[in-house]
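Asker: Fold the stuff below for me.
(2 chains)
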Amino acid sequence: EAQVTQNPRYLITVTGKKLTVTCSQNMNHEYMSWYRQDPGLGLRQIYYSMNVEVTDKGDVPEGYKVSRKEKRNFPLILESPSPNQTSLYFCASSWAGPDTQYFGPGTRLTVL
Amino acid sequence: GQNIDQPTEMTATEGAIVQINCTYQTSGFNGLFWYQQHAGEAPTFLSYNVLDGLEEKGRFSSFLSRSKGYSYLLLKELQMKDSASYLCAVVYSGAGSYQLTFGKGTKLSVIP
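Answerer: Numbers count the residues shown, from 1 in each chain, chains lettered A, B, ... in the order given. Okay, the predicted model is just below:
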């Protein structure tokens, strides 16, 4: 089944404790992206990747890191999480940039 | 990021027609998506417009005017299950990169 998977789905952590949210797709898509969704602010792009080893900042990259070492995986790293990073995070992928994006199920992160 | 404007909330009656508008900044425009998102779930693709005109897909249609920076999503024969948020998203491109910017979404409530 073609899908985008994210892990974990739910995470409660404390300020400053490094964490990684994994994202994997099995559709051989070139383009992958991370978004955060907050009430009243909508979906905002954090980082995106056009292909392996190519990443670019989105609208809200501060406090996040990404890597794209292989086509199927695009992990989101929070080196030192803070409470303002409490949010619902979505990973998405598509064949190329301007193309239909398929979203993962979301990761609800709470930073205390 | 670029500003994308859409109404925050709309209410419509089951069986009726509703039009959700979206306006955006035209500089760097490279396509427009509409996504549907039910509460607590991931967005799902509805339509993609890159050329001017109307695209029809069953009960849903989407219109684009590139010169006016305007799009709308038209939902016909509304059903209760259409109660959801509808997200307008614009692809902005430049120097070989593509960035997808979402509006804040329009929450549609369908009432009996």
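Asker: A:Glu62: neighbouring residues, count only.
Answerer: Residues contacting A:Glu62 under the criterion other C-beta atoms under 10 Å in any protein chain shown number 8. Every C-beta, even on glycine, is put in place using the N, C-alpha and C of the backbone.
Asker: ok, it to B:Ile20 distance?
Answerer: 31 Å (C-beta to C-beta, to the nearest Å).
Asker: now the helix or strand bottoming out on mean pLDDT in chain B, how far from the chain's geometric center?
Answerer: Across the helices and strands of chain B, mean confidence by mean pLDDT, DSSP states H and E is lowest for strand B:97-102: a mean of 82. How far strand B:97-102 lies from its chain's middle: 15 Å, per C-alpha atoms, centre = their mean, to the nearest Å.
Asker: What lies in contact with it?
Answerer: A:31, A:33, A:35, A:42-45, A:48, A:50, A:56, A:58-59, A:96-98, A:101, B:1-2, B:4, B:30, B:33, B:87-93 (C-beta atoms under 8 Å, 6 or more residues apart in numbering or on different chains).
Asker: in its sheet, what does the biggest strand by length in chain A sit against?
Answerer: The residue-count maximum for a strand in chain A (DSSP state E) belongs to strand A:42-51. In the sheet containing strand A:42-51, its partner strands are strand A:31-38 (antiparallel), strand A:54-57 (antiparallel), by DSSP bridges.
Asker: Next one: the residue in chain B that chain A sits nearest to from B:Ile111, what distance?
Answerer: Nearest residue of chain B to chain A, counting by C-beta to the nearest C-beta: B:Tyr98, 2.8 Å away. In this structure, B:Tyr98 and B:Ile111 are 38 Å apart, going by C-beta to C-beta.
Asker: neighbour count winner among these two?
Answerer: For B:Tyr98 versus B:Ile111, neighbours defined as other C-beta under 10 Å are more numerous around B:Tyr98 (21 against 11).
Asker: So which residues on chain B come close to chain A?
Answerer: B:1, B:30-31, B:33, B:41-45, B:48, B:50, B:87, B:89, B:91, B:93, B:96-105 (C-beta under 8 Å from any C-beta of the partner chain).
Asker: Quick check: A:Asn84 is in a helix.
Answerer: Yes: note on A:Asn84: a helix contains this position according to DSSP: H, G, I helix; E, B strand; the rest coil.
Asker: quick one, helices of chain B?
Answerer: Per DSSP state H, chain B has no helices. Nothing in it meets that criterion.
Asker: Provide the contact partners of the top strand by length along it at residue level.
Answerer: Ranked by residue count and defined by DSSP E, the top strand of chain B is strand B:84-94. Residues outside strand B:84-94 that contact it (C-beta under 8 Å, 6+ apart): A:42-43, A:97-98, B:2, B:4, B:6, B:20, B:22, B:24, B:27-39, B:43, B:46, B:71, B:73, B:98-103, B:105-108.
Asker: Measure how the least confident helix or strand of chain B sits relative to strand A:31-38, angle-wise.
Answerer: With axes from the mean of the first three to the mean of the last three C-alpha atoms, to 10 degrees defining the directions, strand B:97-102 sits at 30 degrees from strand A:31-38.
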